[in-house]
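J.: mind folding the following:
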Amino acid sequence: MDTRLRLAVLCGTALAAAGGAAWAWARLRRRAALPAARPAAARPAAAVGAGDQGKGHSKQILVLGLDGAGKTSVLHCLATNHVKRSVAPTEGFNAVCVSTEESQMEFLEIGGSECLRSYWKMYLPKVLLLIYVVDSADHARLPVAKQLLHQLIQNNSTLPVVVLANKQDLEGAYCITDIHDALALSDIGDKRKMFLIGTHVAEDGSEISSSMKDAKELIAQLVLEAQ
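T.: Residues are numbered from 1 along each chain as shown. Next comes the predicted model:
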């Protein structure tokens, strides 16, 4: 596997599993505690555009992926630290704010249905981080997920990307190594910060899994580094 796919612990040390084994996000030495988020009402595209970027310390994070990948459930976990699997598919825009001592992060999810994908690229110049969610068990649509991801970032060589290989708990789900290859992440380039984390959403009402906690810490750290 190409070593250009970098995984880093919170202190910044890069690591890779030895002997070509699956890449893994290491358990961090400490937890970057994020307070519970306050979900914001879905707003039209113009309301969360470039005009909002830079006000105060707000940092917009774009959450994309095919319909059914689990974006909304993942976003709920990141924002509340609790699981809610039975959420309706996003048919437009879904914005959630998470406040920390250092900044206010605004997660903007855009639905993954074919009719909404044309909006994705419009928002890339306005964000500091892209979270791309894929369904690890949806083998048939991984080529589409790959194509869309590469098209999204082909003209932006420095935008950090966090790929969440979601639904790792499902039977037949591809492991991290297979997702890395299926998405051809080695071809994305070595100038950007690129992370690949296996995630899953546990039972409703439970606390989020350790992998989701790690993803949350990583995102918080990337935001801090961008300030």
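J.: please make it C-alpha for all contacts and neighbour counts, starting now.
T.: Noted.
J.: for the protein, what's the longest helix?
T.: Counting by DSSP state H, the longest helix found in the chain is helix 210-226.
J.: mind listing what's buried along that one?
T.: For helix 210-226, a neighbour-count test (16 or more other CA atoms under 10 Å) marks 211-223 as buried.
J.: so which elements touch it?
T.: Helix 210-226 makes packing contacts with helix 71-80, strand 194-198 when contacts are defined by 3 or more CA pairs under 8 Å, 6 or more residues apart in numbering; DSSP states H and E.
J.: following the longest one, which helix or strand shows up next?
T.: The element immediately downstream of helix 71-80 (helix or strand, assigned by DSSP states H and E) is strand 93-99.
J.: which positions within that next one qualify as buried?
T.: Here strand 93-99 shows 93, 94, 95, 96, 97, 98, 99 as buried, counting by 16+ other CA under 10 Å.
J.: before we move on, what about stretch 187-205?
T.: In terms of neighbour count (16+ other CA under 10 Å), stretch 187-205 has its buried residues at 188, 192, 193, 194, 195, 196, 197, 198, 199, 200, 201, 202.
J.: same check on stretch 172-182?
T.: For stretch 172-182, by 16+ other CA under 10 Å, it's 173, 174, 176, 177, 179, 180.
J.: ok, now stretch 157-169?
T.: 159, 160, 161, 162, 163, 164, 165, 166, 167, 168.
J.: what's the closest residue in space to the last one that isn't next to it in sequence sitting at in phi/psi?
T.: Yep, that's residue 168 we're talking about. Among residues not flanking residue 168 along the chain, residue 200 sits closest, at 5.4 Å (CA to CA, 6 or more residues apart in numbering). In this entry, residue 200 is assigned phi and psi values of phi -160, psi 160 (degrees, to the nearest 10).
J.: redo the buried residues of stretch 187-205 as a markdown table? Include pLDDT and distance to residue 111.
T.: A markdown table is the format used below for the buried residues of stretch 187-205 (pLDDT from 0 to 100; distance: CA to CA, whole Å):
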| residue | pLDDT | distance to residue 111 |
| --- | --- | --- |
| 188 | 84 | 23 |
| 192 | 87 | 25 |
| 193 | 90 | 24 |
| 194 | 92 | 23 |
| 195 | 94 | 22 |
| 196 | 96 | 21 |
| 197 | 95 | 21 |
| 198 | 94 | 21 |
| 199 | 92 | 19 |
| 200 | 87 | 19 |
| 201 | 81 | 19 |
| 202 | 69 | 22 |
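J.: would you turn these into JSON lines with distance to residue 78?
T.: As requested, the buried residues of stretch 187-205 are exported to JSON lines (distance: CA to CA, whole Å):
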{"residue": "188", "distance to residue 78": "26"}
{"residue": "192", "distance to residue 78": "23"}
{"residue": "193", "distance to residue 78": "20"}
{"residue": "194", "distance to residue 78": "19"}
{"residue": "195", "distance to residue 78": "17"}
{"residue": "196", "distance to residue 78": "16"}
{"residue": "197", "distance to residue 78": "14"}
{"residue": "198", "distance to residue 78": "14"}
{"residue": "199", "distance to residue 78": "12"}
{"residue": "200", "distance to residue 78": "12"}
{"residue": "201", "distance to residue 78": "11"}
{"residue": "202", "distance to residue 78": "13"}
